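Student: need the 3D shape of this:
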Amino acid sequence: MAFSEGLLDGTGPVGACKNEPVYIWSTPAEQDLSLTIYLACKRWNMTVLNNFTYFTEQTYSYGNKTLAPLAEKLTKKYDISPPLDPHLIPYIYYYCDFWVGVFKRSDTWCELLSDDELILARYQWNMKSYFLYSYGHPLNELMGCAFITQFVNSVDNYLSGNSRMVADLKYTQGFPLSFILTTLGVYKNKYPITANLTLEQMKSLKYIETKVLHWTSNVYFEIYTSPGRDALLRFVVNYEPWIIPGCDDEYCKWTKFKNIFSDKINCDLEKKCAYP
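Tutor: Presented below is the predicted three-dimensional model:
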């Protein structure tokens, strides 16, 4: 409602502020192939969520290589008895993140780890996001096609004069946003997020959940029109424009955008998600 108030204030017939009424509706999460895809897609649940062998192997390798030595170091440093379980190291970062984000306090869990050790503790969460919701599995690159199809059809209807809708605002969690960014081909690092990365490589990762899809993140498309010219599309994440792969710059021609994602538009995600 806050977004719609800011966008449509003074454009409608209601009240002293001349507000424009907006349609609001909700779809059951398990039926929504546009946003909560990971709940609605049976194939994803069977092949990615419940059968992520490779991610398990990576986690096991990372635990032995990095988390176990770090747990041993902390056990000696703080005289912990019984010894600290390496599986708990990522949760130190998790609760540190929570206390900073909610209470603006870094004097609790965060103090247990140095800055570099916090990166090492966080990295297992980054691996999980990569394999479950991003480029770690090929199916994830299709999971945003229902959203893209709906978006393209909506814009085409407006450009052809068949719709007066000027904005379609959606609210969801970070997981669906990761699928959409993956389908768009953005949010991609130079190398896979696997257990064998060095600390310096971890520091250089630009596109990880904690940097891009943090709390209160927003993703939106802007459409610019001019009479007699092809419309332009601009893609923005957290108020920062991103160049979509295949586009020449941040302002992409609408016809070119549709050509780039022609295999993702009307891809019948419901059929692809059905598991035999």
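Student: so where is the chain shaky, pLDDT-wise?
Tutor: Counting by pLDDT under 70, the chain has low-confidence residues at 276.
Student: in it, which helix has the most residues?
Tutor: The longest helix of the chain (DSSP state H) is helix 115-133.
Student: buried ones in that helix?
Tutor: Neighbour-count burial for helix 115-133, with 16 or more other Cβ atoms under 10 Å as criterion, is recorded at 117-133. All C-beta spots, glycine's among them, are computed from the backbone N, C-alpha and C.
Student: mind listing residues that contact the helix or strand that that helix is followed by?
Tutor: Using DSSP states H and E, the helix or strand that follows helix 115-133 in sequence is helix 145-159. Outside helix 145-159, the residues within contact range by Cβ atoms under 8 Å, 6 or more residues apart in numbering are 33-35, 37, 163-166, 168, 176, 180, 183-184, 221, 223, 225, 231, 254, 258, 261, 264-267, 269-270.
Student: what angle sits between the following helix or strand past helix 145-159 and helix 115-133?
Tutor: Helices and strands here follow DSSP H and E; after helix 145-159, the next one along the chain is helix 174-184. Angle, helix 174-184 to helix 115-133, by axes from the mean of the first three to the mean of the last three Cα atoms, to 10 degrees: 70 degrees.
Student: so which elements touch helix 174-184?
Tutor: On a contact count with 3 or more Cβ pairs under 8 Å, 6 or more residues apart in numbering; DSSP states H and E, helix 174-184 meets helix 37-40, helix 115-133, helix 145-159, helix 209-212, strand 219-224.
Student: which elements pack onto the last one?
Tutor: Under the contact criterion of 3+ Cβ pairs under 8 Å, 6+ apart, the helices and strands touching strand 219-224 comprise helix 145-159, helix 174-184, strand 232-237.
Student: hang on, the earlier thing: so which elements touch the longest helix of the chain?
Tutor: So helix 115-133, by 3+ Cβ pairs under 8 Å, 6+ apart, packs with helix 53-62, helix 68-78, helix 89-103, helix 174-184, helix 199-204, helix 209-212.
Student: figure out which of the helices and strands packed on strand 219-224 is closest to Leu49.
Tutor: helix 174-184 (10.9 Å; Cβ to Cβ).
Student: what's the angle between that closest one and helix 145-159?
Tutor: Using the same axes, to 10 degrees: helix 174-184 against helix 145-159 is 70 degrees.
Student: name all residues that make contact with the residue most central in space within the chain.
Tutor: In the chain, the centroid-proximal residue (Cα atoms, centre = their mean) is Ser178; its distance is 2.4 Å. By Cβ under 8 Å, 6+ apart, Ser178 lies in contact with 129, 133-134, 187, 209, 213.
Student: before we move on, what about Leu8?
Tutor: By Cβ under 8 Å, 6+ apart, the contact set of Leu8 is 19-20, 22, 166.
Student: what's it sitting at in phi/psi?
Tutor: With angles defined as degrees, to the nearest 10, Leu8 shows backbone torsions of phi -110, psi 10.
Student: how close does it get to Ser26?
Tutor: 20 Å (Cβ to Cβ, to the nearest Å).
Student: dump the helices and strands packed on strand 219-224 into a markdown table; add distance to Ile243 as well.
Tutor: Converted to a markdown table, these look like this (distance: least, Cβ to Cβ, whole Å):
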| stretch | distance to Ile243 |
| --- | --- |
| helix 145-159 | 17 |
| helix 174-184 | 11 |
| strand 232-237 | 8 |
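Student: of the ones you listed, which stretch is the most buried?
Tutor: helix 174-184 (a mean of 22; mean count of other Cβ atoms under 10 Å).
Student: run the angle between that helix and strand 232-237 for me.
Tutor: 140 degrees.
Student: may I have helix 174-184 as PDB, with CA atoms only?
Tutor: Provided in PDB are the C-alpha atoms of helix 174-184 (Å, rounded to 0.1, in the frame of the first residue of the first chain):
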ATOM      1  CA  GLY A 174      14.500 -13.900  -0.800                       C
ATOM      2  CA  PHE A 175      14.400 -17.400  -2.200                       C
ATOM      3  CA  PRO A 176      12.100 -16.600  -5.100                       C
ATOM      4  CA  LEU A 177      14.100 -13.500  -5.900                       C
ATOM      5  CA  SER A 178      17.200 -15.700  -6.200                       C
ATOM      6  CA  PHE A 179      15.400 -17.900  -8.800                       C
ATOM      7  CA  ILE A 180      14.300 -14.900 -10.800                       C
ATOM      8  CA  LEU A 181      17.800 -13.400 -10.800                       C
ATOM      9  CA  THR A 182      19.200 -16.800 -11.900                       C
ATOM     10  CA  THR A 183      16.700 -17.100 -14.700                       C
ATOM     11  CA  LEU A 184      17.700 -13.600 -15.900                       C
END
